[in-house]
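Novice: Let's see this in three dimensions:
(2 chains)
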Amino acid sequence: MTELGTLIALILTLMVFSFLYKENPIYRFAEYLLVGISVGYYLVIICRNTIYPLVIEKLFIHGEYLVIVPVCLGLLMFARLNKRWAYLSRLPLSLMIGFGAGISIPAMLQARILKQMSASMQSLATINGIIILIGIISTITYFYFSKRQEGMFGKVTRLGTYFLMVFFGATFGYTVMSRISLLIGRFEFILRDALRVIS
Amino acid sequence: MDLSRIDRRYIYLVIAIAIAVPLLLKVQLPVSVGPEVQKVYDEIDSLQSRDCVMISFDFEASSVAEIKPVAEAVIRHAFEKNLRIVGLALFSEGTAIGYNIISSLAEEYGKKYGEDYIYLGFRPQYVSAILGMGENIDQVYPLDYLNDDWKDFPPFSDVENYHDISLVVSIADGSLPTYWVEYAGSRYGQKIAAGITAVMATSYYPYTASGQLVGIIGGLKGAAEYENLLGYTGGGHRGMLAQSSGHLAIIALVILANVAALRKKR
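Specialist: Purely as a prediction, here's the structure:
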């Protein structure tokens, strides 16, 4: 079984790699297969790990009838499929948007802004801390568009672009590293698991 | 020769050779440990035997090659420290992969399901799941991945919410660690570490600088650093020579492309 799995994985890997030569039906077949399997897998996992324990079991085994409320709200989402009843889907949607906004706004404000601001001000005793503060101020200044970027203001915004370029460079470097890692993973699979050239 | 007109397939060939040849050589490069990885290691190392760590497999199948060595290194450390592991997944594709990684390592270390580790499986709507576990994990996961009532396992029956979890490690290829920070970290004061793909690393450095994340293990390089600290050779170490030669090939190609562009300008 493992051998068969390895063989299928090898064939699919080569089918995907064939795209590097040129776009072809073999590659497209592998691509569609991935999409289909991903959706099928997701549905199975949802049914087995979510709908069964959280709905079926609670409702029919434990008799927790309150579960009917979220189930009905969820089913109302399907009302969008019919023009006449589509307005009913607004109820679960409005609940989701309201819940989402209410939960995420304070959490994001706290974690992404206040905590970050506080951290960037605490470390002013070190050279790194000063560089970070200069970087923050000059970069934010670059995104202030209500004043022409010239004179002293222009010099600060120019400094901001240098910081941005360093960030883009670092991100690109990490992206290359990440993609190379994925390629190493496939090559390791081909050479070790499929061809057994390396141990 | 006009370098700007070179067939892109030659570039693919150069990259393929740069990756494949080092993998065939049994040479290993020395790996120095960075502060972010060291912090994660120190945090796990400071935990007491039988403390509980939560490992969340928040990635998709496409990232396995990069993220699996990270997950393996963290789980090995946890098993070596005799910690209890609660595994779960907030991305559906990570569910079975996470279970396979954790159960195969458990077998290697002689750890038993229900005694040393449990696997809760997948929940959709990760924000709700993360928030819900802050109140009661049992409400979010009444059954485990194997459809058993995990509260029946005595070593885990006292695990109610984040108060009983010493550390959450999110093994992720996307933005999930941010949600862990926002909802479990900020709201419940949960300590969080992240094992991430390298492409995400720059996004998470500010969170380690501010202390919102204990540390990060970034990609294959991060895994190699962690393996170094644990004193074993795993997927991270094996890929380092290929990673370096791949980078050198890309640097050479970038220089070549710039030379070609300059020549064309003149």
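Novice: OK, contacts around residue 154?
Specialist: In the absence of a named chain, this looks at chain A. Counting by C-beta atoms under 8 Å, 6 or more residues apart in numbering or on different chains, A:Gly154 touches A:Arg148. Using the backbone N, CA and C atoms, a C-beta is placed for each residue, glycine as well.
Novice: Where does the closest residue to chain A within the stretch 1-150 of chain B fall, secondary structure wise?
Specialist: Closest residue of the stretch 1-150 of chain B to chain A, C-beta to the nearest C-beta: B:Ala65 (1.9 Å). Using DSSP states H and E, B:Ala65 maps to helix B:64-80.
Novice: buried sites along that helix?
Specialist: By neighbour count with 16 or more other C-beta atoms under 10 Å in any protein chain shown, helix B:64-80 contains the buried residues B:64-79.
Novice: Please apply the same query to stretch B:11-29.
Specialist: By neighbour count with 16+ other C-beta under 10 Å, stretch B:11-29 contains the buried residues B:11, B:14-16, B:18-20, B:22-23.
Novice: Of the residues you listed, which ones also sit close to chain A?
Specialist: Residues shared between the buried residues of stretch B:11-29 and the neighbourhood of chain A are B:15-16, B:19-20, B:23 [C-beta under 8 Å from any C-beta of the partner chain].
Novice: Now do the strands in the chain.
Specialist: I'll assume chain A. Read by DSSP state E, chain A holds no strands at all.
Novice: Hmm, no, I was thinking of chain B.
Specialist: Using DSSP E, strands in chain B cover B:52-58, B:84-89, B:117-122, B:167-172, B:192-196, B:216-218.
Novice: Name the residues that touch the second one?
Specialist: Residues outside strand B:84-89 that contact it (C-beta under 8 Å, 6+ apart) are B:50-58, B:75, B:78-79, B:95, B:98-99, B:102, B:116-123, B:137, B:141, B:155-156, B:159, B:165.
Novice: tell me the angle of it relative to strand B:117-122?
Specialist: If you take axes from the mean of the first three to the mean of the last three C-alpha atoms, to 10 degrees, strand B:84-89 sits at 20 degrees to strand B:117-122.
Novice: For B:Ala260, give me the pLDDT.
Specialist: pLDDT, B:Ala260: 88.
Novice: What residues sit buried inside the lengthiest helix in chain A?
Specialist: When chain A is parsed with DSSP state H, its longest helix is helix A:151-188. In terms of neighbour count (16+ other C-beta under 10 Å), helix A:151-188 has its buried residues at A:156-157, A:159-160, A:163, A:173-188.
Novice: Ok, stretch A:109-129 next?
Specialist: So, applying 16+ other C-beta under 10 Å, buried residues of stretch A:109-129: A:110-112, A:115-116, A:119-120, A:123, A:129.
Novice: Next, give me the two most distant ones among the residues you listed.
Specialist: In those, two members sit farther apart than any others by C-beta to C-beta. They are A:Gln110 and A:Gly129, at 21.6 Å.
Novice: quick revisit: export the strands of chain B to JSON lines and tack on mean neighbour count and mean pLDDT?
Specialist: Formatted as JSON lines, the strands of chain B follow (neighbours: other C-beta atoms under 10 Å in any protein chain shown; pLDDT from 0 to 100):
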{"stretch": "strand B:52-58", "mean neighbour count": "26", "mean pLDDT": "97"}
{"stretch": "strand B:84-89", "mean neighbour count": "25", "mean pLDDT": "96"}
{"stretch": "strand B:117-122", "mean neighbour count": "26", "mean pLDDT": "95"}
{"stretch": "strand B:167-172", "mean neighbour count": "27", "mean pLDDT": "97"}
{"stretch": "strand B:192-196", "mean neighbour count": "28", "mean pLDDT": "96"}
{"stretch": "strand B:216-218", "mean neighbour count": "28", "mean pLDDT": "95"}
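Novice: closest one to B:Ser32 among those?
Specialist: Closest to B:Ser32 of these is strand B:216-218 (C-beta to C-beta; 13.8 Å).
Novice: what packs against that closest one?
Specialist: helix B:35-45, helix B:64-80, strand B:192-196, helix B:201-209, helix B:219-230 (3 or more C-beta pairs under 8 Å, 6 or more residues apart in numbering or on different chains; DSSP states H and E).
Novice: For the last one, enumerate the helices and strands it packs against.
Specialist: The one in question is helix B:219-230. Using 3+ C-beta pairs under 8 Å, 6+ apart: helix B:219-230 touches helix A:151-188, helix B:35-45, helix B:64-80, strand B:192-196, strand B:216-218, helix B:235-238, helix B:240-265.
Novice: ok and that helix relative to helix B:35-45, angle-wise?
Specialist: Using the same axes, to 10 degrees, helix B:219-230 lies at 50 degrees relative to helix B:35-45.
Novice: end to end, how far does stretch B:148-155 reach?
Specialist: End-to-end distance of stretch B:148-155 (C-alpha to C-alpha, to the nearest Å): 15 Å.
Novice: average model confidence for it?
Specialist: 94.
Novice: quick one: that stretch near chain A?
Specialist: No - judged by C-beta under 8 Å from any C-beta, stretch B:148-155 makes no contact with chain A; its nearest approach is 9.6 Å.
Novice: how far out from the middle of the chain is that stretch?
Specialist: Stretch B:148-155 sits 27 Å away from the centroid of its parent chain (C-alpha atoms, centre = their mean, to the nearest Å).
Novice: So which residues make contact with it?
Specialist: By C-beta under 8 Å, 6+ apart, stretch B:148-155 touches B:50, B:84, B:114-116, B:118, B:120, B:138, B:141-144, B:156-157.
Novice: Taking the residues you listed, please make a ChimeraX selection of just the buried ones.
Specialist: Buried subset of those, written as a ChimeraX selection, criterion 16+ other C-beta under 10 Å:
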select /B:84,116,118,120,138,141,142,143,144,156
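Novice: coming back round to it: can you tell me which of the buried residues of stretch B:11-29 end up in helices?
Specialist: Those of the buried residues of stretch B:11-29 lying in helices (DSSP H): B:11, B:14-16, B:18-20, B:22-23.
Novice: Can you find the helix or strand of chain A with the lowest average pLDDT?
Specialist: None of the helices or strands of chain A scores lower by mean pLDDT, DSSP states H and E than helix A:115-122, at a mean of 84.
Novice: And it, what does it pack against?
Specialist: helix A:127-142, helix B:201-209.
Novice: Next one: the shortest one, is it in contact with chain A?
Specialist: Think helix B:201-209. Yes - using C-beta under 8 Å from any C-beta, helix B:201-209 comes into contact with chain A via B:201-202, B:206, B:209.
Novice: ok, and the most crowded of those residues?
Specialist: Counting neighbours by other C-beta atoms under 10 Å in any protein chain shown, the top entry in these is B:Ala201, with 25 neighbours.
Novice: which residues does that one contact?
Specialist: A:174, B:216, B:218-219, B:222.
Novice: mind running it again at 10 Å?
Specialist: Contact analysis of B:Ala201 by C-beta atoms under 10 Å, 6 or more residues apart in numbering or on different chains lists A:170-171, A:173-175, A:177-178, B:36, B:194, B:208, B:216-219, B:221-222.
Novice: A:Leu33: what's its closest spatial neighbour, skipping adjacent residues?
Specialist: The shortest distance from A:Leu33 to any non-neighbouring residue, by C-beta to C-beta, 6 or more residues apart in numbering or on different chains, is to A:Leu12 (7.4 Å).
Novice: Many thanks, I have nothing further to ask.
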